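*Asks:* My questions are about this predicted structure, shown below with the sequence.
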Amino acid sequence: MAADLGPRAMFVAGGTDLFPKLKRRQFEIDILIGLDFLPRQIHNGSAEHTIDAGVTLSTAARNPHLNELFAGYAEAAGLVSSPPLRNAGTIGGNLCVDTRCNYYDMTYEWRKAAGFCLKKDGDICLVAPSSPRCWALSSSDTAPMAIALDGFVTLVGTTGEREFPVASLYRDDGIEYMAKQPHEVVTSLRLKAGADTRSAYVKLRRRGSIDFPVAGAAVALELDGDIVSRCRIVLSAVASYPLEAPAAEAFLKGKRLDPDAVREAAELAAKPAKPLDNADLSHFWRKRMVRVVVEQALAQATTNRGASVVKLSGR
Ligand SMILES: Cc1cc2nc3c(=O)[nH]c(=O)nc-3n(C[C@H](O)[C@H](O)[C@H](O)COP(=O)(O)OP(=O)(O)OC[C@H]3O[C@@H](n4cnc5c(N)ncnc54)[C@H](O)[C@@H]3O)c2cc1C
Ligand code: SF4
């Protein structure tokens, strides 16, 4: 159906992102293709887990096996939006969720008054008018964590089924942010734990009860004793795709995670993050806070206590 209908149709899973956007006329389509018929199971192996795309965020957040082996993933799922939205929102929808921008996530009337922008109905970027591209932000909480954990997604489309690393699902473009074909459905996510995988997700947002991230850090570590043998750090909400921090990962490999190493790795991880003024709170401050969320996520991953929300005291 999706291949036949082309841009006239969109998939809908929980609808928690799509329905408000339809209301604001950010998408103008004739047909919704419901994905309710997809399986909704978490298949637990001893080290490998496959999560069907239709599993809700609250189910993933509560699953004891995910909490034990992939604490950061369960916590990222549990930090998306608010409890009612997590009861309807799915892990597949969270991987495919639209990029965000203060000039785009507005009512039709607001956008019309502002003159519209490249991402919908306009021809310039209102954040960076001299830029030929859109810089809307990847704001999924679970995508960076799935990448940090070396996750794989399975897609099904008219040409059959294929599986590839979650990182390959995204492009550095605020409009064409997904590398999949529009008619392809994400059907599952596969996560595999190593002998001593530890993970954590730290999310910064204005209101801990509902908001999207303004910066987030997903960290997955393998430790050999107290030495880091493998490390992946992926940032949310600072680029149009989940942004990896390879310099910090390379720096930490073979090191003991003492406070000095954590501090230096966090500095390195923050360097590639260049937030623009298109999300909540000041982009200068968000840039400074990237270092803080990475530092906290690294510290938290070592103790494997899951994730937390950085509170904005005084706001
Ligand atoms: C107030 C509010 C706060 C929010 N806060 C957050 C937040 O903090 N963090 C966050 O990550 N998200 C947040 N969201 C967005 C949303 O709730 C979540 O991203 C949710 O996981 C989306 O899942 P869904 O199943 O509802 O997707 P839908 O809304 O149904 O779909 C979202 C997009 O994904 C596509 N899609 C859905 N499933 C599939 C699939 N299996 N294969 C291919 N394409 C698919 C749809 O076509 C659509 O483009 C928030 C939304 C609201 C309204
Ligand atoms: S980054 Fe620019 S083009 Fe993209 S949504 Fe924002 S204003 Fe529009």
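*Replies:* Here it is on my side, so go on. Ligands and ions are numbered 1, 2, ... in the order given.

*Asks:* which one's the longest helix in the chain?
*Replies:* With secondary structure taken from DSSP state H, the chain has its longest helix at helix 283-303.

*Asks:* Do any residues in it lie close to ligand 2?
*Replies:* No. Between helix 283-303 and ligand 2, judged by Cβ under 6 Å from any ligand atom, nothing touches; the nearest distance is 12.1 Å. The way it works is simple: take the backbone N, C-alpha and C, and place the C-beta from them, glycine included.

*Asks:* Which strands and helices lie in contact with that helix?
*Replies:* Judged by 3 or more Cβ pairs under 8 Å, 6 or more residues apart in numbering; DSSP states H and E, helix 283-303 is in contact with strand 197-204, strand 215-224, strand 227-236, helix 259-270, strand 308-310.

*Asks:* can you tell me which of the ones you listed the model trusts least?
*Replies:* For the helices and strands packed on helix 283-303, mean pLDDT drops lowest on strand 308-310, to a mean of 46.

*Asks:* Tell me which stretches of the stretch 101-250 of the chain form helices.
*Replies:* 108-114, 142-148, 246-252 (DSSP state H, counting those that start in this stretch).

*Asks:* how about the last one as CSV, C-alpha atoms only?
*Replies:* Provided in CSV are the C-alpha atoms of helix 246-252 (Å, rounded to 0.1, in the frame of the first residue of the first chain):
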residue,chain,number,x,y,z
PRO,A,246,34.6,8.9,18.1
ALA,A,247,37.5,10.9,19.6
ALA,A,248,36.1,10.4,23.1
GLU,A,249,35.6,6.7,22.4
ALA,A,250,39.1,6.2,21.2
PHE,A,251,40.5,8.2,24.1
LEU,A,252,38.8,6.0,26.7
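
*Asks:* re the thing from before, taking strand 227-236 as reference, get the angle to the longest helix of the chain.
*Replies:* 140 degrees (axes from the mean of the first three to the mean of the last three Cα atoms, to 10 degrees).

*Asks:* Buried residues, helix 283-303. List them.
*Replies:* Across helix 283-303, burial judged by 16 or more other Cβ atoms under 10 Å covers 283, 286-287, 289-302.

*Asks:* and if you look at stretch 190-206?
*Replies:* Using 16+ other Cβ under 10 Å as the burial criterion, the residues of stretch 190-206 that qualify are 190-194, 197-205.

*Asks:* Closest to ligand 2 out of those residues?
*Replies:* The shortest approach to ligand 2 among the buried residues of stretch 190-206 belongs to Arg205, at 18.9 Å (Cβ to the nearest ligand atom).

*Asks:* Tell me the predicted confidence for the residue of the stretch 201-315 of the chain found nearest ligand 1.
*Replies:* Relative to ligand 1, the nearest point of the stretch 201-315 of the chain is Phe212 (4.2 Å; Cβ to the nearest ligand atom). Looking at Phe212, its pLDDT is 96.

*Asks:* What is the end-to-end distance of stretch 131-150?
*Replies:* Stretch 131-150 has an end-to-end distance of 33 Å (criterion: Cα to Cα, to the nearest Å).

*Asks:* Low-confidence stretches in the chain?
*Replies:* 304-315 (pLDDT under 70).

*Asks:* where does it come near ligand 2, residue by residue?
*Replies:* 101, 103-104, 117-119, 125-127, 134-136, 174, 278.

*Asks:* Compute the number of surrounding residues for Ala261.
*Replies:* 15 (other Cβ atoms under 10 Å).

*Asks:* Let me see the contact set for it.
*Replies:* Phe251, Leu252, Lys255 (Cβ atoms under 8 Å, 6 or more residues apart in numbering).

*Asks:* Closest one of those to Lys274?
*Replies:* Phe251 (19.7 Å; Cβ to Cβ).

*Asks:* my guess is the closest one meets Ala265, correct?
*Replies:* Yes. Counting by Cβ atoms under 8 Å, Phe251 touches Ala265, with 5.4 Å between them.

*Asks:* more crowded one of these two?
*Replies:* Using other Cβ under 10 Å as the criterion, Phe251 and Ala265 rank with Ala265 on top: 27 against 18.

*Asks:* Looking at the chain, which residue is nearest ligand 1?
*Replies:* Nearest to ligand 1 in the chain, going by Cβ to the nearest ligand atom, is Gly93, at a distance of 2.2 Å.

*Asks:* next one: phi and psi at the nearest residue to that residue once chain neighbours are set aside?
*Replies:* In this structure, Gly93 finds its nearest non-sequential neighbour in Ala13, 4.1 Å apart by Cβ to Cβ, 6 or more residues apart in numbering. Main-chain dihedrals, Ala13, degrees, to the nearest 10: phi -110, psi -100.

*Asks:* can you list the residues of the stretch 1-150 of the chain near ligand 1?
*Replies:* So far as Cβ under 6 Å from any ligand atom goes, the stretch 1-150 of the chain lies against ligand 1 at 10-18, 20, 35, 53, 57, 80-81, 85, 88-90, 92-94, 96-98, 139-141.
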